[in-house]
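Engineer: Make a model of this:
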Amino acid sequence: MLELNDVQRRPTKTLLAGRVLPETRPHGLVGDLNAEHWEFEPGKRHRPLRMAWTRMMANGYRLNAPENAAFWELGRRYFTAVRNGIATGKPLSVRTATYYTYSLFIIIDFVMRSGVSSMSAFPKRLQEPLLAFLAGRPDGAKPATKKEPTIRTRFDIVRHLYLLFAAPAGDGGVLNDGLRFAAFSSRHEAVALAKLIGQRTGTTPDAPPEVVFNTLGAAIEYVAIHADQIIDLAHTAQRLRPEVVRGVKANKRRPPNRLSQVATALLQALVERPAWVDPSGRVLKSDMARSLGMKASDGYKRRFRSLIAAAEQLLNGAKRSKADEARLVLVSAAATKKPDGDYFPGQAVARRLGLPFTGKSGQFAPWPIVYVGSSLRGKAGLGSVLTQLWTASYLIVAAFMGDRQSETMAIEVDCLIQGLDGCYIKTPKFKTRNTDGGSIVVEPCPQVVELAIRVLQRLGAPARAEANSDKLFCISHHLGVSVPMETELRSRVLRFTKSTKTDTFGDGETWKLAPHQLRRFFVTAWINYYEYGRHFKALSDFLDHASLGTTVRYGAGIVRGGVISRAQKNLTNSILSEVALGNIFAKGPAARNWVRFAERLRIRAIPKDQIPEWLAERRDRSDHNVFPMPWGYCIWSKLAGSHAQCLDKEERVLGISRPRNRKRACVCGNGCPNFLTTEVFSAFWEHAVERHERLAANASAPLRYREASKLAIRIANSLGPAPMEVSL
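Structural biologist: Predicted coordinates:
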């Protein structure tokens, strides 16, 4: 990364007189450098990325207009510098480079409003007003309105505008224009000032657990119960549609008269010159669409292009031959009438499908499906339900695997690997590894994740074939075929929680669930429900964080202020009392010990309502604490260290703290006196039986693996699938 200190020792005359290097291409650019839109090769997602150079600038001209030629070249050169890593020390993604360049446009606008014709003519006396403007405090008195990261980025750009122009490194300057003064002595000064005056961003708040649990419950229901019927219905509709469309064409059905409406309006514009025709004879498409009761974007639709082009020819006084041809185009389109009735292909497909359709029942079932397309008037449409199913599958993969959003969306369709003991998933990791292509990491995945991936493989098959894509989350949508971007993904998650009514918590409050909160919820669940809550190193490795500090910040709101210890005390009181009183059916040596103790109290004729007090006294005397694990509870006390199975015999001592080594279900469940499990954990043991039965029956597996699986099956059968009862 360029630093001012590296160039301050050079003579000033040399710094300001360096030549400008030839303009280069940014990585991945497809097409010409002088195109008004830059397109880039698809990266992690199957969606071409674009950078537009048609922005309207402060001087009233577009950036790519001849009047702004020097500023346009500055923008192109700066984009290339940050994209290729010249300015930042490492190559940046297209989206990040675009963000930096659009921030540069804000600086250019300020320079234009200052009355100077180039960046290099911008005077140093206006440095303070420029920095105040970039921080969102133009008068310099009020607090900054921009967030700290935004200000830091803008200040970095100001620094780059000097380093890449007036203080070039090597053979010449990278930028054709820039600042001739240094606003900051180093990057650290820019960062420090941004932190001083910028608004704090804080951390993304954790979603309420009931919202996440209910949302995942709805997602699992969609994937496990309704997916087959939804996909079969969609495939049938897809197969029927070409036949229905052919029938429409055979009956010479003409399209609705939106085309006629636009053509009629354009013919009238030749005489009346409405407000949406500018003095140069150009049709303002957005204004025209709004005047006709359409969406602004509809004016840019492909089917209206020939009509608008014909009208502009007539408005600009085309030659007679071309004028006659253009007028014929408009008159023919204006004569198009609306077909009789309200017949559309979608309605015929719906009739052929026998809609409305109702499938298997469920709390979050989307039935009945009434329409083929989107949902209308509170009634479900097949297109909307397909979107819900896609979102449900994404929610499961994102929540249970804990990967970053970009890594989840970059998973490929052949990501599943069948191992000897179950299914594994291949996930790319970008941030701390190879940032361009990613490094593939193979991780075990729960059965519900495997099911969600199978659904996505079937659901997105037509879209992947159309786009020639290998991305698991590739899907068809109203703009084409691609992997949804972040904004669309957020919208899909919000629509899912709203339609399933899982966004409500507390006293009727609603929560807008964000995709990143699923990753944070994974950390919350780890800390609250799994034994490695305080082992941040293990959690950091699993989440692929670049530093341990990131992981600590993720969990800080949960472990700060002794929350874990208070929750653990409450859990201990609840679990041990309920087990001893027989209100919870439990298994394991620890369960038998507590039930026997309660029976001895009953023999002493102690009233039942006083038994919890005796239990609490024993718990406090022996310092009992309950540690949750995925397969049950570890009941640790002053005596536990003398017989804990997770310790070697020579390490077993009275009064020691619970060891920080990694626990294993086969050790805890194989007769450890400190172990207790309840019916809450039966799903873990049932899945363990299935998993190990597959491994034990696999003739190609090593003999020692099969023998270990037989022992695991015996342990799991004794603790899980059978009815939970306490044996005295």
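
Engineer: secondary structure class for Ser361?
Structural biologist: Recorded secondary structure, Ser361: coil (DSSP: H, G, I helix; E, B strand; the rest coil).

Engineer: residue ranges with poor pLDDT in the stretch 401-550 of the chain?
Structural biologist: 430-438, 479, 523-550 (pLDDT under 70).

Engineer: Can you list the residue ranges for helices in it?
Structural biologist: Ranges of helices in the stretch 401-550 of the chain, per DSSP state H, counting those that start in this stretch, are 405-409, 447-459, 461-467, 486-500, 515-529, 536-543, 548-559.

Engineer: What is the first one packed up against?
Structural biologist: Okay, so that is helix 405-409. helix 382-401, strand 422-429, helix 486-500, helix 515-529 (3 or more Cβ pairs under 8 Å, 6 or more residues apart in numbering; DSSP states H and E). (Each C-beta comes from the backbone N, C-alpha and C, glycine too.)

Engineer: From the rest of the structure, what touches it?
Structural biologist: If you take Cβ atoms under 8 Å, 6 or more residues apart in numbering as the criterion, helix 405-409 is touched by 44-45, 394, 397-398, 401, 427-430, 438, 471, 473, 483-484, 486, 489, 515-516, 519.

Engineer: helix or strand for the closest residue in space to Met51 that isn't next to it in sequence, which one?
Structural biologist: Spatial nearest neighbour of Met51, chain neighbours left out: Trp38 (4.2 Å); criterion: Cβ to Cβ, 6 or more residues apart in numbering. Secondary structure assignment for Trp38, by DSSP states H and E: strand 37-40.

Engineer: Show me what secondary structure element comes after that strand.
Structural biologist: With DSSP H and E, the next secondary element past strand 37-40 is strand 49-52.

Engineer: Pull out the buried residues from that following strand.
Structural biologist: Buried residues in strand 49-52, counted by 16 or more other Cβ atoms under 10 Å: 49, 51.

Engineer: just to revisit the earlier point, what's the local residue count around the residue nearest to Met51?
Structural biologist: By other Cβ atoms under 10 Å, the residues close to Trp38 number 24.

Engineer: Report the contact partners of it.
Structural biologist: Trp38 neighbours (Cβ under 8 Å, 6+ apart): 26, 29, 31, 50-51, 53, 79.

Engineer: one step back: switch the helices and strands packed on helix 405-409 over to CSV; also include distance to Thr98 and mean neighbour count.
Structural biologist: Putting those into CSV (distance: least, Cβ to Cβ, whole Å; neighbours: other Cβ atoms under 10 Å) gives the following:
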stretch, distance to Thr98, mean neighbour count
helix 382-401, 25, 24
strand 422-429, 22, 19
helix 486-500, 14, 18
helix 515-529, 21, 20
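
Engineer: Just put those in TSV and tack on distance to Ala190.
Structural biologist: Output for those, formatted as TSV (distance: least, Cβ to Cβ, whole Å):
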stretch	distance to Ala190
helix 382-401	35
strand 422-429	30
helix 486-500	27
helix 515-529	27
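
Engineer: any idea how far the residue nearest to Ile425 when sequence neighbours are not counted is from Val116?
Structural biologist: Distances taken as Cβ to Cβ, 6+ apart put Cys445 closest to Ile425, at 4.3 Å, once the chain neighbours are dropped. As defined by Cβ to Cβ, to the nearest Å, Cys445 lies at a distance of 59 Å from Val116.

Engineer: ok, now Cys415?
Structural biologist: Cys415 is 54 Å from Val116, where distance means Cβ to Cβ.

Engineer: what do you get for Phe155?
Structural biologist: Distance of Phe155 to Val116, given as Cβ to Cβ: 20 Å.

Engineer: Just want to know which of these two has more residues nearby.
Structural biologist: Neighbour count, other Cβ under 10 Å: between Phe155 and Val116, Phe155 has more, with 24 against 13.

Engineer: Dihedrals phi and psi, that one?
Structural biologist: Backbone torsions for Phe155, taken as degrees, to the nearest 10, come to phi -70, psi -40.

Engineer: thinking again about what came up before, isn't the residue nearest to Ile425 up against Phe400?
Structural biologist: Yes - between Cys445 and Phe400 there is a contact at 7.3 Å, judged by Cβ atoms under 8 Å.

Engineer: What's the first helix or strand after the helix of greatest length in the chain?
Structural biologist: Identified as the longest helix of the chain according to DSSP state H is helix 227-250. Sequence order places helix 258-272 as the next helix or strand after helix 227-250, per DSSP H and E.

Engineer: name the helices or strands packed onto that next one?
Structural biologist: Contact partners of helix 258-272 among helices and strands, from 3+ Cβ pairs under 8 Å, 6+ apart: helix 285-291, helix 305-315, helix 320-334.

Engineer: Buried residues, the next helix or strand after the last one. List them.
Structural biologist: The element immediately downstream of helix 320-334 (helix or strand, assigned by DSSP H and E) is helix 345-353. The neighbour-count check on helix 345-353 (16+ other Cβ under 10 Å) flags 345-350, 352-353 as buried.

Engineer: Ok, stretch 464-475 next?
Structural biologist: So stretch 464-475, judged by 16+ other Cβ under 10 Å, has buried residues 464, 467, 469, 471-475.

Engineer: Need these in TSV (columns: distance to Val653).
Structural biologist: Converted to TSV, those look like this (distance: Cβ to Cβ, whole Å):
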residue	distance to Val653
Arg464	59
Ala467	63
Ser469	59
Lys471	55
Leu472	51
Phe473	52
Cys474	58
Ile475	58
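
Engineer: Need the max-distance pair from these.
Structural biologist: Longest distance between any two of the buried residues of stretch 464-475 is 12.7 Å, between Ala467 and Leu472; criterion Cβ to Cβ.
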